[in-house]
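Participant: Attaching a predicted model along with its sequence, questions to come.
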Amino acid sequence: MNRIELASRRDFLGTLFSAGAMVLAAGAVPAIADAAELDVTTTAWNPSVFLGLETDGSVIIVAHRSEMGTGIRTSLPMVVADELEADWSRVRVEQAIGDKKYGSQDTDGSQSIRDFYLIMRETGAAARLMLERAAAAQWNLPPAECRAGNHAVIHAGSGKKLGFGELVAAAAKQPVPAKNEIRLKTPEQFRYIGKGIPIVDLKNICTGAAVYGFDAHVPGMVYASIERPPVLGGKLKSYDDSAARKIAGVEQTVVIEGAQPPYGFQALGGVAVIADNTWTASEARKKLKIDWEYGPNAIYQSETYRKSLIESAHKPQKVVRSVGDVDAAFGGAAKVVEANYYTPLLAHAPMEPPAALAHYQNGKVETWTATQDPQQVQETVSKALGIKPADVTCHVTLLGGAFGRKSKPDYVAEAAILSKKIGKPVKISWTREEDIHFDYYHSTSAMYFKAGLDSAGKPVAWLQRTVFPPIGSTFDDKQTYGGDGELSQGWIDIPFDIANLRAENGPAQAHLRIGWLRSVANIYHAFGIQSFIDELAHTAGKDPVEYWLAALGAPRTIDFAGQHAKYTNYGKPMSAYPLDTGRLRRVVEVVAEQSGWANKKSGAGQGWGFAAHRSFLTYVAAIAQVEVDPKGKLRIPRVDIAVDCGSAINPDRVRSQFEGAAVFGASVALLGEITTADGRVQQGNFDTYPVARINEAPYETRVHIVEGGGLPTGAGEPGVPPTAPAICNAVFAATGKRVRELPLRKQKLV
Amino acid sequence: MIRLKVNGTAKSYQGDPAMPLLWYLRDVLQLTGSKFGCGMGLCGACTVHVNGEAARSCLTTMQNVAGKDVLTIEGLSEHGDHPLQRAWEQANVPQCGYCQSGQIMQAAALLKSKPHPADHDIDEAMQGNICRCGTYQRIRQAIRIAAGVKA
């Protein structure tokens, strides 16, 4: 038995963390001060909630963020291992259950690295120092001469060496280092940071052994399939389950009460069929005869709604940023250009639809699920069952894609409600049609732009209005205006240096659950602004990149002072993460150079298009090449993306995120559209809601990482916003056809 | 009674012959490497081999596989070292990984019929397999590595 009881553990942690060792200033760091038990029974020494060392030399690092494909389950533990001087081959990564002691586990907003990089470094470095001091004490040598290196502490002078495992017991008794004693590595000393390692799940994924929410299994579990109200807020009037219950393998049907506005993360309600396998449950569900009362959202026709959004965008609306006097400046402009832009609702469509397994027993429930936020699972499920969040255990599986969908645990609430009602472990796995019909949709948006150009074609006045049903409506059904966060996603923060500029936002009532999808409001705002500036460049007869850089102006930081703007900067202080147009300029210059922009001749069915956008504190510029054949068929041979995310901690995973973002952006530009009739979503599967396939996606995406050298910023989302406008601008360059509405597939290009 | 072989082992099945193979593999045999993505043969996440040919197990019923050999990702190689699996690791293809068993099984069928595919062969063979994370260029790269062909 290698377990060592550490009497002073609580003191250790209390001292370490109350001394502020974990830099609590940013406000996004974990509340670790309390109990420090790992969910790993064999751990001998737990220097932090994120780290355990065993006497056999094993190092256990807890991944508390969810793995949906970004590589975070590898990258954050890798940071701990590097500072600890651990040998990665002796590191075991354990996935955390939902627990507030880890701080935020809401894996969202491209913030895992940015919020936890320093904490993980300090976690590793503090433990390393204690190991070094333990060795020094044992050897009776000065601690400064004893250095950790590759899973051992070494005294260079004498050649003495003790492995981490041998030092665990003594290190655990070392006094806790004060914050100012912790010595972080210098970049030259990094073993893994900035170099990267393959993801820990690589082999399991390639052999089919990796476990996702869909794969969760406990003995005795049954399978549920739910027929939900087809219109949001619909109510069950009556149902006949006699045909469904006749099917062999069906155990029973169960009614789940309908949700009440605001819908939040509540289960939508409906009639569930419980059976002994997935297929039988979903086949039997088709035999249910249900009479619904559809409710007020049955009026929702997306085509009529689209027109109303565009009308609103033509009326004066709430000012969300104002510089100079736009109205006066239009009067003095040599030329005025106006345009409408529109983007549709989108569904997330992760390859793994929502799935959860729940087992309710004796007032407590255990869940296994693909979730971006296990603490939100605890909240949501506890509310649904009327129990305490602490009585909800959430085990986090791998996520088969998420893109924001799996931070909304309505599906976990369904499984938990059913398990409580029938007293057995219940597995729920949504079909693709359920996923498309009952999503938290990316909002539809109408935008109006008006620019005044001087005689040289330079913009001297710029008016922009955006109208979209906001995410806030999901949590407060009276909310119709965009939230500060949505308006800070590429709208308020339009980076151009224009003397007279006004940004406005109009109201829109939601009729569906609106949610966040990879890069959120940046998708439509970047599409509108980056397309319109391209229009202006062509109107002025200028090279789009040169025109763009001229509009950007001299390198400066934008602070919005005196501009009537509530800019939220992704929850980070502008002092630490300024909006630095010099960095934006740099990525534009790099992408232009790397793509060979200056030598490209667009026209005759081939074109290059450009866009650049800062989101999630990361600066990104993209150049897309498109070919349009005489039949109007479009191909994207190449996309170049330059990115400045401060520091790339696991560079290959940064690259892969941007490669993927280019494909995701291509789906947005070319294919994605959700429509409604009588409140019902009209798409259901990949035939009606297509996403980019290998022959439609950019054939090649080249990612150029520009080392900004600063604090690491987002990587998962910022590649998406500039891709769609870059593609559409390339289409214009190739065909002369300006794309002002998405998706492109609905338009004739020749 | 339906008899079949799964990854070389003889099996018998007595349930509804209309049940798709995917749910037999996943819910009955607990072979969860084959994934559900659409249920309509539109995404390829459930791809297995039936008598050596790539098949969508979400559309292939149990009666379709009576007397046949089914190979899943779990049986593709004994130690996870099929040339495609090694190439997938070398190119760090997966992001979320969910679609990758289907991608690998589809690619394995391609290499059987065309050991040295050109890029257009790859795109044609793989266009039924969706990857929402967008790993396509690395999938193409990994197939080239396994096949020993250059871009």
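Facilitator: Thanks, I have it.
Participant: secondary structure element for the residue positioned nearest the centre of chain B?
Facilitator: Per C-alpha atoms, centre = their mean, the C-alpha nearest to the average position across chain B is that of B:M105, at 2.8 Å. Assigned by DSSP states H and E, B:M105 falls within helix B:100-113.
Participant: Buried residues in that helix, which are they?
Facilitator: B:100-111 (16 or more other C-beta atoms under 10 Å in any protein chain shown). (Each C-beta comes from the backbone N, C-alpha and C, glycine too.)
Participant: can you list the domain ranges for chain B.
Facilitator: Here the domain parsing of chain B from automatic domain parsing is B:2-75, B:83-147.
Participant: where does chain A dip in pLDDT?
Facilitator: Scanning chain A for pLDDT under 70 picks out A:1-43.
Participant: Over to chain B?
Facilitator: Using pLDDT under 70, chain B has no residue that qualifies.
Participant: Next, count neighbours for A:S238.
Facilitator: By the criterion of other C-beta atoms under 10 Å in any protein chain shown, A:S238 has 9 neighbours.
Participant: Setting aside sequence neighbours, what's the nearest residue to it?
Facilitator: A:D291 (4.8 Å; C-beta to C-beta, 6 or more residues apart in numbering or on different chains).
Participant: which residues touch that neighbour?
Facilitator: A:236-239 (C-beta atoms under 8 Å, 6 or more residues apart in numbering or on different chains).
Participant: That one looks like it's in a strand, true?
Facilitator: Yes: according to DSSP: H, G, I helix; E, B strand; the rest coil, A:D291 belongs to a strand.
Participant: Contacts only, for the residue of chain B found nearest chain A.
Facilitator: Nearest residue of chain B to chain A: B:G33, at 2.0 Å (C-beta to the nearest C-beta). Listed by C-beta under 8 Å, 6+ apart, the contact partners of B:G33 are A:207-209, B:72-74, B:101.
Participant: how does it look with 6 Å?
Facilitator: Contact partners of B:G33, counting by C-beta atoms under 6 Å, 6 or more residues apart in numbering or on different chains, are A:208, B:72-74, B:101.
Participant: Pick the one among those closest to A:F403.
Facilitator: Of all the contacts of B:G33, B:S101 has the smallest distance to A:F403: 20.4 Å, by C-beta to C-beta.
Participant: Spatially nearest residue to the closest one (excluding sequence neighbours)?
Facilitator: Sequence neighbours aside, B:I73 is the residue nearest to B:S101 in space, at 3.8 Å (criterion: C-beta to C-beta, 6+ apart).
Participant: hey, where'd the helices end up in chain B?
Facilitator: With DSSP state H, the ranges of helices along chain B come out as B:21-23, B:83-90, B:100-113, B:119-126, B:136-147.
Participant: Give me the number of neighbouring residues for A:I641.
Facilitator: Residues lying near A:I641 (other C-beta under 10 Å) number 32.
Participant: do you know how far it is from chain B?
Facilitator: According to C-beta to the nearest C-beta, to the nearest Å, A:I641 and chain B sit 12 Å apart.
Participant: My read is that that residue contacts A:F658, right?
Facilitator: Yes: A:I641 is within contact range of A:F658, at 5.0 Å (criterion: C-beta atoms under 6 Å).
Participant: and for these two, which residues touch both?
Facilitator: Overlap of the contact sets of A:I641 and A:F658 (by C-beta under 6 Å, 6+ apart) consists of A:V703.
Participant: rewinding a little: export the buried residues of helix B:100-113 to TSV and tack on distance to A:C394?
Facilitator: Shown next, in TSV, are these (distance: C-beta to C-beta, whole Å):
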residue	distance to A:C394
B:Q100	25
B:S101	26
B:G102	28
B:Q103	30
B:I104	31
B:M105	32
B:Q106	34
B:A107	35
B:A108	36
B:A109	38
B:L110	40
B:L111	41
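Participant: So stretch A:673-684, near chain B or not?
Facilitator: No: Stretch A:673-684 does not reach chain B (C-beta under 6 Å from any C-beta of the partner chain); its nearest approach is 9.3 Å.
Participant: So what would you say the end-to-end distance of stretch B:11-26 is?
Facilitator: From its first residue to its last, stretch B:11-26 covers 14 Å (C-alpha to C-alpha, to the nearest Å).
Participant: Check which residues of it are buried.
Facilitator: So, applying 16+ other C-beta under 10 Å, buried residues of stretch B:11-26: B:13, B:15-16, B:19-26.
Participant: ok now that stretch, how far from the chain's centre?
Facilitator: Chain-centre distance of stretch B:11-26: 17 Å, with C-alpha atoms, centre = their mean, to the nearest Å.
Participant: distance of the closest residue to B:R56 other than its chain neighbours from A:N695?
Facilitator: Excluding the flanking residues, the one nearest B:R56 by C-beta to C-beta, 6+ apart is B:G41, at 4.1 Å. Distance of B:G41 to A:N695, given as C-beta to C-beta, to the nearest Å: 17 Å.
Participant: Between the two, which is the more surrounded one?
Facilitator: More crowded of B:G41 and A:N695, by other C-beta under 10 Å: B:G41, with 18 against 14.
Participant: is it true that that one touches B:L59?
Facilitator: Yes: at 4.5 Å, B:G41 and B:L59 qualify as touching, with contact defined as C-beta under 6 Å.
Participant: okay, and the common contacts of the two?
Facilitator: Jointly contacting B:G41 and B:L59 under the rule C-beta under 6 Å, 6+ apart is no residue at all.
Participant: for A:V750, what are its contacts?
Facilitator: Under the criterion of C-beta under 6 Å, 6+ apart, the neighbours of A:V750 are A:G632.
Participant: quick check, A:G69 in a strand?
Facilitator: No: read with three-state DSSP, A:G69 is coil and lies in no strand.
Participant: roughly how far apart are it and B:Y98?
Facilitator: A:G69 is 8 Å from B:Y98, by C-beta to C-beta.
Participant: Next to chain B, which bits of the stretch 101-250 of chain A? Give me the list.
Facilitator: Within the stretch 101-250 of chain A, the positions lying close to chain B (C-beta under 6 Å from any C-beta) are A:198, A:202-203, A:205-208, A:210, A:212, A:215.
Participant: Quick check: buried residues in stretch A:259-269?
Facilitator: A:259, A:261-269.
Participant: Need these in JSON lines (columns: secondary structure and distance to A:H442).
Facilitator: Below are the buried residues of stretch A:259-269 laid out as JSON lines (DSSP: H, G, I helix; E, B strand; the rest coil; distance: C-beta to C-beta, whole Å):
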{"residue": "A:A259", "secondary structure": "coil", "distance to A:H442": "20"}
{"residue": "A:P261", "secondary structure": "coil", "distance to A:H442": "20"}
{"residue": "A:P262", "secondary structure": "coil", "distance to A:H442": "18"}
{"residue": "A:Y263", "secondary structure": "coil", "distance to A:H442": "16"}
{"residue": "A:G264", "secondary structure": "coil", "distance to A:H442": "18"}
{"residue": "A:F265", "secondary structure": "coil", "distance to A:H442": "17"}
{"residue": "A:Q266", "secondary structure": "coil", "distance to A:H442": "20"}
{"residue": "A:A267", "secondary structure": "coil", "distance to A:H442": "22"}
{"residue": "A:L268", "secondary structure": "coil", "distance to A:H442": "18"}
{"residue": "A:G269", "secondary structure": "coil", "distance to A:H442": "24"}
